[in-house]
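Novice: Can you look at this prediction? I've put the sequence above it.
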Amino acid sequence: MPSPTDRANPKVLIVGGGLAGLCCARQLNAQGIDSQVLESSDRAGGRVQTDELDGFLLDRGFQVLLTAYPECQQVLDYEALQLCRFEPGALVRYRGKFHRLADPWRQPRYLLTTTFSPLATLADKLRVARLKRQVCQGDLSGLAQRPETTTLARLQACGFSEQFMETFFRPFLGGVFLERDLQTSSRKFDLLFRMFAQGDAVLPARGMGALVDQLVDSLPAGTVRTGARVAKVMEDRVQLTCGEVCHASRVVIATPPGVTRQLVGQSAVGMDAAHGVTCLYFAAERPPLSEPVLVLNGEGKGPIINLSVPSQVAPAYAPPGESLVSVSVLGTVEAEREAGLQRQVVEQLTEWFGSQVNDWRHLKTYRIPYALPSQDPPALSPVEKPIHLPGNLFACGDYLDTGSIQGSIQGAMVSGRRAGQAVATSL
Ligand SMILES: Cc1cc2nc3c(=O)[nH]c(=O)nc-3n(C[C@H](O)[C@H](O)[C@H](O)COP(=O)(O)OP(=O)(O)OC[C@H]3O[C@@H](n4cnc5c(N)ncnc54)[C@H](O)[C@@H]3O)c2cc1C
């Protein structure tokens, strides 16, 4: 194990303290190599953060952990995170009503409602079962190498009805990929569909930021230095915006691709194209839903793509006697149009839940322009993108790892581990 004093002159500098950077540090530490993470903001976590506001826990954008993610199973202590699960399936808002779409294999008590649901034909349900069997066969890396097309083309080739596509797949996957056109690579769809089929969608009891806290706590004290924005990267040193220069034998850049390119002037480290999302949080005196389930907008109109009540899933998301409502809208608007968007959202919520919405209190809106890297085909080919840049430079981040789900918690963590292993080998 490296001693704490080595940290003044770490062997490896990691630029960026998101999941990828932290997992890179974790891997290096496991191999006895000292590293320092330089994070520009005031805390680690990058796109996975939880803020506390008036006793509410607000994740910076609605996101979930899928318990089947293999890397998370290896790295995270699920028990300590006290994972709280969403009910499988969804409630779909369609033609002025909520319709339950349950997974009849996992929720037999809803077999009848699902069988007579107006959203899907019996043939659609059988196609879902077949698709599930297909994606659960073989290992994950084999799945990631199957022929690549768009998710839309993949689902159309399965023969799903237009009705099921519009009322379920578009809003469900729209909220996962953060785009409704389903142009995201079919490989990502296959990998994620398998994760949904094989595990649960969960929230840690104290918010998604708990994942990050657990990773940081597993590193030697002082590994993560916050408030350290890197301005320039060279092969054996980096320069911070304050002018300070830090030296190391290897430098790993764990920032989004646009920043990575600015820092090293590389053109081959991935695309800038990204999908954004806006997340609005409201406090409600009583929960608008009686169970921990995801609500999808199957009506094809209005700004909302999905809604959930995180405090129904994990009670600590709201103070006693209150509920937290999370609403996601695809894309982002400029600050001056935010009030207009909020009005439209409240109108739609009132249509869905009636006059109780008048009593809801808007807590906060998060605008996240870079939420997920765009993954249109052939984004996921080759399956593993190079992480060794010229010389002593390495890169990691969710945009780089494709075999294990690009643009996800799993992908970011695998990419960090791979970079750590590559650095260790090079040393
Ligand atoms: C709203 C939203 C919903 C999501 N939903 C899900 C989901 O449900 N399930 C799922 O699996 N994934 C989801 N994701 C994706 C997942 O969160 C990301 O894939 C993952 O967190 C990316 O981690 P990363 O380390 O690659 O990048 P980042 O988290 O972006 O980390 C990069 C870090 O670099 C730092 N940095 C940038 N520039 C500099 C600089 N010059 N100097 C120093 N540091 C710098 C940043 O501050 C940041 O901390 C979602 C993401 C968002 C935003």
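Specialist: The structure has been received and is ready for your questions.
Novice: which stretches of the stretch 301-427 of the chain form helices?
Specialist: Ranges of helices in the stretch 301-427 of the chain, per DSSP state H, counting those that start in this stretch, are 310-313, 338-353, 409-426.
Novice: actually the stretch 51-200 of the chain, not the one I typed
Specialist: For the stretch 51-200 of the chain, applying DSSP H, counting those that start in this stretch gives helices covering 70-75, 78-81, 111-115, 122-135, 140-143, 151-158, 162-164, 170-173, 186-198.
Novice: anything in the last one near the ligand?
Specialist: No. For helix 186-198 and the ligand, the contact criterion (Cβ under 6 Å from any ligand atom) is not met; the two come no nearer than 8.4 Å. The way it works is simple: take the backbone N, C-alpha and C, and place the C-beta from them, glycine included.
Novice: And for stretch 54-66?
Specialist: Yes. Stretch 54-66 comes into contact with the ligand (Cβ under 6 Å from any ligand atom), by way of 61, 63, 64.
Novice: Centre of the chain to that stretch, how far?
Specialist: Using Cα atoms, centre = their mean, to the nearest Å, the distance from the centre of stretch 54-66 to the centre of the chain it belongs to is 11 Å.
Novice: Can you mark which positions in it are buried?
Specialist: Buried residues in stretch 54-66, counted by 16 or more other Cβ atoms under 10 Å: 56, 57, 58, 59, 60, 61, 62, 63, 64, 65, 66.
Novice: Contacts only, for the last one.
Specialist: If I follow you right, that is residue 66. Counting by Cβ atoms under 8 Å, 6 or more residues apart in numbering, residue 66 makes contact with 72, 192, 195, 196, 199, 200, 201, 202, 409, 410.
Novice: Ranking by neighbours, what's the top pick from those residues?
Specialist: Neighbour counts for these (other Cβ atoms under 10 Å) peak at residue 410, which has 27 neighbours.
Novice: Need the pLDDT of that one.
Specialist: For residue 410, the model assigns a pLDDT of 94.
Novice: returning to that earlier point: nearest to residue 97, out of the helices of the stretch 301-427 of the chain?
Specialist: When the helices of the stretch 301-427 of the chain are ranked by distance to residue 97, counting by Cβ to Cβ, first place goes to helix 338-353 at 9.8 Å.
Novice: same for that closest one, what does it pack against?
Specialist: Contact analysis of helix 338-353 by 3 or more Cβ pairs under 8 Å, 6 or more residues apart in numbering; DSSP states H and E lists strand 274-284, strand 304-308, strand 323-330, strand 361-373 as its packing neighbours.
Novice: Run through who's touching the longest one.
Specialist: Contacts to strand 361-373, defined as Cβ under 8 Å, 6+ apart, come from residues 47, 51, 53-54, 56, 58, 60-61, 177-178, 256-258, 270-271, 273-284, 324, 332-333, 335, 338, 341-342, 379, 398-399, 406-407.
Novice: Repeat the analysis, applying 6 Å as the threshold.
Specialist: Outside of strand 361-373, the residues within contact range by Cβ atoms under 6 Å, 6 or more residues apart in numbering are 53, 58, 60-61, 178, 256, 274-283, 332, 338, 399, 407.
Novice: buried sites along it?
Specialist: The neighbour-count check on strand 361-373 (16+ other Cβ under 10 Å) flags 363, 365, 366, 367, 368, 370, 371, 372, 373 as buried.
Novice: Let me know whether that strand sits next to the ligand.
Specialist: Yes. Using Cβ under 6 Å from any ligand atom, strand 361-373 reaches the ligand at 368, 371, 372.
Novice: Adding pLDDT as columns, could you present the buried residues of stretch 54-66 in CSV?
Specialist: Below are the buried residues of stretch 54-66 laid out as CSV (pLDDT from 0 to 100):
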residue, pLDDT
56, 98
57, 98
58, 98
59, 98
60, 98
61, 97
62, 97
63, 97
64, 97
65, 97
66, 96
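Novice: give me the low-pLDDT residue ranges for the stretch 151-300 of the chain?
Specialist: Applying pLDDT under 70 to the stretch 151-300 of the chain picks out residues 266-272.
Novice: just the strands in it please.
Specialist: Remark: strands assigned in the stretch 151-300 of the chain by DSSP state E, counting those that start in this stretch are 201-204, 224-225, 230-233, 237-240, 245-247, 250-253, 274-284, 294-297.
Novice: Which one, of those strands, ends up nearest to residue 394?
Specialist: Nearest of these to residue 394, taken as Cβ to Cβ: strand 250-253 at 4.4 Å.
Novice: could you measure residue 353 against residue 132, distance?
Specialist: Between residue 353 and residue 132 the distance is 32 Å, computed by Cβ to Cβ, to the nearest Å.
Novice: I meant residue 374, not that one.
Specialist: 26 Å.
Novice: go on, residue 38?
Specialist: Taking Cβ to Cβ as the measure, residue 38 falls 43 Å from residue 132.
Novice: and the two? which has more neighbours close in?
Specialist: Using other Cβ under 10 Å as the criterion, residue 38 and residue 132 rank with residue 38 on top: 23 against 16.
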